[in-house]
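S.K.: Pasting the sequence and the predicted coordinates here, then a few questions.
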Amino acid sequence: MTWSSFRYLPGQILLALAIFGLWEILVKAGVLSAHLYGYPSGIAARIVALVASGELFVHAGVTAFAAIMGFALGSLIGSFAGLCLWLNETVARTVRPFIVAINGVPKIAFAPLIIVWFGIGIESKIAIAAALTFIVSLIATYNGTLETDKDLLRLMRSLGATRLQAWRKVVIPAALPWILSTLRLNVGFALIGAVVGEYISSQQGLGYLVYYSGVLYDLNGVWAGIIALMVVALLMDRGVTEIDRRLRW
């Protein structure tokens, strides 16, 4: 963490306080309904109660584990598959229409099938998160390989390098920035997959907390779950930033 990371922190805190303060004032003044929108002091009280009981940590831990595992599996396998497609243009051109077709379908549509295949346990949440991140990594990485400097590839061929050697020495390093950029996108997709799985069938996780609170019209509980999801997303994004920093240097 450097000073530049904290330069805008006071402004961010003031902005958040202004938003929550205005929200609280509008609710207290009767402009907004507390039953429809919740209110900051009620949300804070709900978070404190969930933290005191340990319930929030359990739900956050379940969602974070499913999202991180799905993120890691989908990103690694998708990136590797995208890199491998460069090795064989015939295979790449053959599977490209299928990749485009799958990418065009909202991946959430596959969630019920994954629940049936993997059951209602955490495995299905990991599988959904992995499915969402896999296709994004695959497409981005393969596109990255196609942007490899053609002059470098010609130079490798003139030096007698095989296609595999060119892949290892030139293509993979050239695609690395694409892979790293995709990781940040996949944080959101992994969390979407985990939360959707918890919506469909679960008794734990932040998705379950948000859904169950919504059913009970507990808007403060819904916001508490959403805020916890934001915190998990920020922590995962910070982890990706650290990975990016280490690999680029």
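M.R.: The structure has been received and is ready for your questions.
S.K.: residue contacts, residue 38?
M.R.: Residue 38 makes contacts with 219, 220, 222, 223, as judged by CB atoms under 8 Å, 6 or more residues apart in numbering. To be clear about C-beta, it is placed using only N, CA and C from the backbone, and glycine gets the same treatment.
S.K.: and which of those is nearest residue 247?
M.R.: residue 223 (36.1 Å; CB to CB).
S.K.: how close does the residue positioned nearest the centre of the chain get to residue 145?
M.R.: Central residue check for the chain by CA atoms, centre = their mean: the C-alpha nearest the mean position is that of residue 187, 2.0 Å away. The spacing between residue 187 and residue 145, counted by CB to CB, to the nearest Å, is 23 Å.
S.K.: Break the chain down into its structural domains.
M.R.: Split into domains by automatic domain parsing, the chain comes to 1-32, 38-248.
S.K.: which residues of this structure score low on pLDDT?
M.R.: Applying pLDDT under 70 to the chain picks out residues 1-6, 248-249.
S.K.: residue boundaries of the helices in it?
M.R.: 3-6, 9-28, 34-37, 40-53, 55-85, 89-104, 111-118, 122-146, 150-158, 163-166, 172-200, 206-215, 219-248 (DSSP state H).
S.K.: Give the buried residues for the longest one.
M.R.: To tie it back to what came earlier, the one meant is helix 55-85. With burial defined by 16 or more other CB atoms under 10 Å, the residues of helix 55-85 counted as buried are 56, 59-60, 62-64, 66-75, 78-79, 81-85.
S.K.: Report the angle between it and helix 40-53.
M.R.: What separates the directions of helix 55-85 and helix 40-53 is an angle of 90 degrees, with axes from the mean of the first three to the mean of the last three CA atoms, to 10 degrees.
S.K.: returning to what we had before: which of the helices of the chain is buried the deepest?
M.R.: Ranked by average neighbour count under the criterion mean count of other CB atoms under 10 Å, the helices of the chain are headed by helix 122-146 at a mean of 24.
S.K.: Show me what that helix is packed up against.
M.R.: helix 55-85, helix 89-104, helix 111-118, helix 172-200 (3 or more CB pairs under 8 Å, 6 or more residues apart in numbering; DSSP states H and E).
S.K.: so who does the closest residue to the residue nearest to the centre of the chain other than its chain neighbours touch?
M.R.: Taking CB to CB, 6 or more residues apart in numbering as the measure, residue 187 lies nearest to residue 236, with 4.7 Å between them; neighbours along the chain are not counted. Contact criterion CB under 8 Å, 6+ apart gives 64, 67, 68, 71, 187, 190, 191 as the residues in contact with residue 236.
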